[in-house]
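S.K.: Sharing a model that was predicted from the sequence below.
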Amino acid sequence: MAGMDRDGGAFFANTRKTAQNMPDYRGELRINAETLANLNEQVRNGVQNPAIELSGWKKTSSNGTVFISLAGKKPYVKDGQQQERPQSMQIRPQHKAPQGGWSNDIGDDIPF
């Protein structure tokens, strides 16, 4: 994929969708070291589901395919304020991995 040497990404209509529960769009988002460091900081601060701020722009490729160009960065926080998280994003007790570990088979029906 073009542009793998910089942060950002794209979201395209899923042309391989064969079932209702498969995603309507697919793509990837590459993040820079600063954003990754912020995600790690959120985890160290007890946020179970760390977040990044996403921005998107509707574009058309040279062959006419409409897609969303993506950018991700650390969430905006006003000077002097801590990053606040809704209650639903606060740390919860961790679950133990099942005997034999977690499966890496996530399939194509992930809704994101």
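M.R.: Okay, I see it.
S.K.: And residue 19, how close does it get to residue 45?
M.R.: The gap separating residue 19 from residue 45 is 39 Å, by Cβ to Cβ, to the nearest Å. Placement of C-beta: from N, CA and C, glycine included.
S.K.: swap in residue 74?
M.R.: For residue 74, the distance to residue 45 equals 13 Å [Cβ to Cβ].
S.K.: same question, residue 29
M.R.: 22 Å.
S.K.: Looking at the two, which has the bigger crowd around it?
M.R.: Neighbour comparison, residue 29 and residue 45: the larger count goes to residue 29, with 15 against 12 (by other Cβ atoms under 10 Å).
S.K.: tell me which residues form a beta bridge with the more buried one?
M.R.: residue 9 (DSSP bridges).
S.K.: was I right about it contacting residue 9?
M.R.: Yes - counting by Cβ atoms under 8 Å, residue 29 touches residue 9, with 3.7 Å between them.
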